[in-house]
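[1] no sequence for this one, just the structure:
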């Protein structure tokens, strides 16, 4: 007969063996998936129709062997500065009190990240977010603190409320009796890119939900919700109702699903299905995801019909209609 010590030693070893099996299995699954990859570089994917112009700007950097981080920053600056884009930056619809407030975040290939939230009177919050990442020991600055930081670093105070946005806000005040608006189908610009060196980065920026409560912050500046990047696996970004995305750490979930062996498309579908399962009011709002893995494979999926994404690969920039859950 074995000793009591030998008995417990065998149990411990067996338990440790069981604990390691899932990790090994996940690594093997990802390795098999990796061998089926397209290995396309560079590539950039972004949300909505305004992603086409953003992709063009990003591609100019990527196609010259530029860094993915520079590409995504310069890419999303295009809709940020376009007064005709009413959901991002300059031209964005204000909150219910008439203030344009902006949220943005950026993540590089090393996992460094920067974020700003509830930022006012600054044209390009994505560039402020990058400086938060590069010049401070912090990840997120908000409100007056973010605004002062921007001014201290050379940004100019600007009025971002266009006449078009102001007119629409005044119309909403009159027609809706100061009640919240139904969630719009178009908003955030989220972008992820893979550069010639095989590195990933991402950016996400928005003026948020039109007519929101003053002070409301959505998912776009929250690392792991509106955007997440892991250079060993992939990147993902979200668009739509930020509250729904925050509840399930949407972009982080998608990257972790890819880590476990799911393709970007499968990961986006599973993330949407989790929202549908956990949030019974899903028929009343839109959420869409885009995903890009380390090897150039992409995915996109949404709850409702209407979500579009822009994909630049093989020297072609095209707009696609995403597949969706509610059919």
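    That came in fine, so what should we check first? A quick note: this is a predicted structure, and the numbers were derived from the prediction, not measured. Numbers count the residues shown, from 1 in each chain.

[2] Quick one: low-confidence residue ranges for the stretch 151-300 of the chain.
    Residues of the stretch 151-300 of the chain meeting the criterion pLDDT under 70: 179-186.

[3] could you pull out the strands for it?
    189-194, 200-206, 227-230, 234-240, 287-293, 298-302 (DSSP state E, counting those that start in this stretch).

[4] just so I know, which of these lies nearest residue 151?
    With C-beta to C-beta as the criterion, residue 151 lies closest to strand 200-206 of those, at 18.9 Å. Bear in mind the C-beta positions are built from the backbone N, C-alpha and C, glycine included.

[5] one step back: quick check: which of the strands of the stretch 151-300 of the chain is nearest to residue 162?
    strand 200-206 (16.1 Å).

[6] Now do the buried residues in that closest one.
    200-206 (16 or more other C-beta atoms under 10 Å).

[7] ok so, going back, which one of the strands of the stretch 151-300 of the chain lies nearest to residue 166?
    Going by C-beta to C-beta, the one of the strands of the stretch 151-300 of the chain nearest residue 166 is strand 200-206, 18.9 Å.

[8] Just checking: what are the partner strands of the closest one?
    For strand 200-206, the paired strands and their directions (DSSP bridges) read strand 102-107 (antiparallel), strand 189-194 (antiparallel).

[9] need those strands in CSV with mean neighbour count and distance to residue 84, can you?
    Listed next are the strands paired with strand 200-206 as CSV, based on neighbours: other C-beta atoms under 10 Å; distance: least, C-beta to C-beta, whole Å:
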stretch, mean neighbour count, distance to residue 84
strand 102-107, 32, 17
strand 189-194, 32, 13
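
[10] what residues are up against the closest residue to residue 165 other than its chain neighbours?
    Of all residues not flanking residue 165 in the chain, residue 93 sits nearest, at 5.2 Å (C-beta to C-beta, 6 or more residues apart in numbering). Residue 93 makes contact with 86-87, 100, 165, 168-169, 207, 210-211, according to C-beta atoms under 8 Å, 6 or more residues apart in numbering.

[11] Repeat that for residue 214.
    Contacts of residue 214 were listed using C-beta under 8 Å, 6+ apart, and they are 95-97, 99, 101.

[12] Minimum distance to residue 174: which of the strands paired with strand 200-206 has it?
    Using C-beta to C-beta, the nearest of the strands paired with strand 200-206 to residue 174 is strand 102-107, at 25.5 Å.

[13] Now the element after the closest one, going C-ward?
    strand 113-119 (DSSP states H and E).

[14] Sheet partners, orientation included, of that next one?
    Strand 113-119 is paired, per DSSP bridges, with strand 102-107 (antiparallel), strand 140-142 (parallel).

[15] which residues sit against that strand?
    Residues contacting strand 113-119 (C-beta under 8 Å, 6+ apart): 101-107, 125, 128-134, 136, 139-143, 146-147, 150, 215, 217, 221-223.

[16] I'd like to know which of these are buried.
    Among the contacts of strand 113-119, those classed as buried by 16+ other C-beta under 10 Å are 101-107, 125, 128-133, 139-142, 146-147, 150, 217, 221-223.

[17] domains of this structure?
    1-36, 41-324 (automatic domain parsing).

[18] what's the most buried one of these?
    Among those, domain 41-324 has the highest mean neighbour count (mean count of other C-beta atoms under 10 Å), at a mean of 21.

[19] what's the span of that domain, first residue to last?
    Domain 41-324 has an end-to-end distance of 27 Å (C-alpha to C-alpha, to the nearest Å).

[20] Could you give the separation of that domain from the chain centroid?
    5 Å (C-alpha atoms, centre = their mean, to the nearest Å).

[21] ok, for residue 82, nearest residue in space, not its chain neighbours?
    residue 91 (6.4 Å).

[22] my guess is that neighbour is in a helix, correct?
    No: counting by DSSP: H, G, I helix; E, B strand; the rest coil, residue 91 falls outside a helix, being coil.

[23] where do the helices sit along the stretch 201-327 of the chain?
    Remark: helices assigned in the stretch 201-327 of the chain by DSSP state H, counting those that start in this stretch are 242-247, 250-259, 264-278.

[24] want to throw the ones you listed into a markdown table with distance to residue 43?
    Shown next, in a markdown table, are those (distance: least, C-beta to C-beta, whole Å):
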| stretch | distance to residue 43 |
| --- | --- |
| helix 242-247 | 23 |
| helix 250-259 | 15 |
| helix 264-278 | 11 |
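
[25] Identify whichever of these lies nearest to residue 72.
    Of all the helices of the stretch 201-327 of the chain, helix 250-259 comes closest under C-beta to C-beta, at 13.9 Å.

[26] So what touches the closest one?
    Contact with helix 250-259 is made by 26, 30, 219, 224-230, 232-238, 245, 264, 266-268, 270-271, 274-275, 287, 289, 291, 293, as judged by C-beta under 8 Å, 6+ apart.
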